[in-house]
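Undergrad: structure, please.
(4 chains)
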Number of protein chains: 2
Amino acid sequence: MAIGGKKKEIYLAAARLFRDKGYQASSMRQLAKEVNLEPSSLYSHISNKQELLAQICLGEAEMYVNKMKSIMSECDDVLEILRQISYFHVETALDDPISATVFSDEWKHLEEPNLGRFRNLRKEYESKIRYIIARGTEEGRLIDTDSMVLFQTFLSSFKWIYLWNKPGREVDKEALQRDITHVILRGLKK
Amino acid sequence: MAIGGKKKEIYLAAARLFRDKGYQASSMRQLAKEVNLEPSSLYSHISNKQELLAQICLGEAEMYVNKMKSIMSECDDVLEILRQISYFHVETALDDPISATVFSDEWKHLEEPNLGRFRNLRKEYESKIRYIIARGTEEGRLIDTDSMVLFQTFLSSFKWIYLWNKPGREVDKEALQRDITHVILRGLKK
DNA sequence: GTCTATAACTTGATAGAC
DNA sequence: GTCTATCAAGTTATAGAC
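TA: Numbers count the residues shown, from 1 in each chain, chains lettered A, B, ... in the order given. Here you go, the predicted structure:
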């Protein structure tokens, strides 16, 4: 680990710990052990435990919002937008499954004002997807089923990848992107 | 609450607490308050906190396994079996969203030997579904995409219902069963 | 920046009176 | 079966020496 990289090392270890045991069951003592420090020394690098969770969750949330903006500014075709979102979800779940898991499963332990910020970012992201799906049905590109069902089914289809992506596993990213997107869009397309 | 129903009352309150705050963040003191007892009095009805989680998670897991056996013994058509599984998932998520959430999100806080039992039940359930999906592709009823992708996408498609099903919401169960099943099977069917 | 020591508090669970 | 009182262990975080 490079000099000055201790803070990053702490964040990475915290994310791994939160994923494996959950936020509440992860102690600062344990975290300290993982980065070879005494517990009190952690506080020279971070201000408290909550900050660790907030950084991870809000960082991921901002990444999704930014990606969504980027996709929508570059592309106008509903199916192509959904395809790009799908590819991005698979990619993030494979490239950083630890952060993806903490983001998905531990955000509820955020405290205010981080919780409010997180919910706003998620709402921003989700409302864009809702809009795309509603437009898709209007344009006759997606099936005419309840738009909430389409939206929720679409998003939940990615919720297994980060859990399934265990360290030892060999994954063909491009094949997985292609297959998952194929199955999902097959269900939604008219 | 009926006489003798205190134990059941405790379990219901515990499930609600585990869902809302997570297992680790739920304290026996809080649970005691919810059922109008002093913390120590809880131990006249249950032996410890872990037992509460185990009962909820293993109870749900057994229910799914039993239902799966029942479906497979009564029906031989792959698409009809998948339809019935889908309907059952939607039904349980709507009828008892609290247990469904604890089962899905808190099982990782089970300790041995409960954790092993839970994993075995889940494995039994999932291997039956894997088998059905593999058979579906062999028979030419389902698309020829990677069977693991089909399996995971199928199961994860139900993972939003119990979270979305907030108390105040009005839900048309039959419409939801029909719509969700329609979208999912559309994606899998040849 | 890291350490030792410790404050201030919460946790699950038990003992024993009633 | 419920209570009061309490224990032993664990929690986050801080103070101050080096």
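Undergrad: and the residue lying farthest from the centre of chain A, backbone torsions?
TA: The C-alpha centroid of chain A is most remote from A:Glu38, which lies 30.9 Å away (C-alpha atoms, centre = their mean). Main-chain torsions, A:Glu38, degrees, to the nearest 10: phi -80, psi 150.
Undergrad: which residues does the residue lying closest to it once chain neighbours are set aside contact?
TA: Using C-beta to C-beta, 6 or more residues apart in numbering or on different chains and skipping residues adjacent in sequence, the residue nearest A:Glu38 is A:Ala32, 6.0 Å away. C-betas here are computed from N, CA, C, even on glycine. The contact partners of A:Ala32, taken as C-beta atoms under 8 Å, 6 or more residues apart in numbering or on different chains, are A:38-39, A:41-42.
Undergrad: next, see if the host helix or strand of A:Ala32 gets close to DNA strand D.
TA: Assigned by DSSP states H and E, A:Ala32 belongs to helix A:28-34. Yes. Residues of helix A:28-34 contacting DNA strand D under C-beta under 7 Å from any atom of the strand: A:28-30.
Undergrad: residue ranges of each domain in chain A, please.
TA: For chain A, the structural domains run A:1-46, A:53-188, going by automatic domain parsing.
Undergrad: of the ones you listed, which shows the lowest average pLDDT?
TA: Among the domains of chain A, domain A:1-46 carries the lowest mean pLDDT, at a mean of 94.
Undergrad: which residues touch A:Gly140?
TA: A:Lys190.
Undergrad: for it, grab phi and psi.
TA: Dihedral angles (degrees, to the nearest 10) for A:Gly140: phi 80, psi 20.
Undergrad: against B:Asn120, how distant is it?
TA: 48 Å (C-beta to C-beta, to the nearest Å).
Undergrad: which parts of chain A sit against chain B?
TA: Proximity of chain A to chain B (C-beta under 8 Å from any C-beta of the partner chain) is limited to residues A:22, A:24-25, A:105, A:108-109, A:143, A:145-146, A:149-150, A:152-153, A:155-161, A:164, A:175-176, A:179-180, A:182-188.
Undergrad: quick one: which of those sit in strands?
TA: Among these, no member is found in strands (DSSP state E).
Undergrad: go through these and flag which are in helices.
TA: Taking DSSP state H, the ones among the residues of chain A next to chain B that sit in helices are A:105, A:149-150, A:152-153, A:155-156, A:161, A:164, A:175-176, A:179-180, A:182-188.
Undergrad: in PyMOL, how would I select just the buried ones from those residues?
TA: Here is the PyMOL command that selects the buried residues among those (16 or more other C-beta atoms under 10 Å in any protein chain shown):
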select buried, chain A and resi 105+149+150+152+153+155+156+161+176+179+180+182+183+184+185+187+188
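Undergrad: quick check: residues of chain A near DNA strand D?
TA: Contact residues, chain A versus DNA strand D (C-beta under 7 Å from any atom of the strand): A:26-30, A:39-40, A:43, A:47-50.
Undergrad: give me that answer again for 6 Å
TA: A:27-29, A:39-40, A:43, A:48-50 (C-beta under 6 Å from any atom of the strand).
Undergrad: any of those residues buried? List them.
TA: A:28, A:49.
Undergrad: which of the residues of chain A next to DNA strand D lies closest to A:Glu124?
TA: A:Gln50 (22.5 Å; C-beta to C-beta).
Undergrad: which ones are touching that closest one?
TA: Counted by C-beta under 8 Å, 6+ apart, A:Gln50 has contacts A:110-111, A:114.
Undergrad: of those, closest to DNA strand C?
TA: A:Glu111 (14.5 Å; C-beta to the nearest atom of the strand).
Undergrad: does the nearest residue to that closest one once chain neighbours are set aside lie in a helix or a strand, and which?
TA: In this structure, A:Glu111 finds its nearest non-sequential neighbour in A:Gln50, 5.8 Å apart by C-beta to C-beta, 6+ apart. Secondary-structure assignment from DSSP H and E places A:Gln50 in helix A:49-74.
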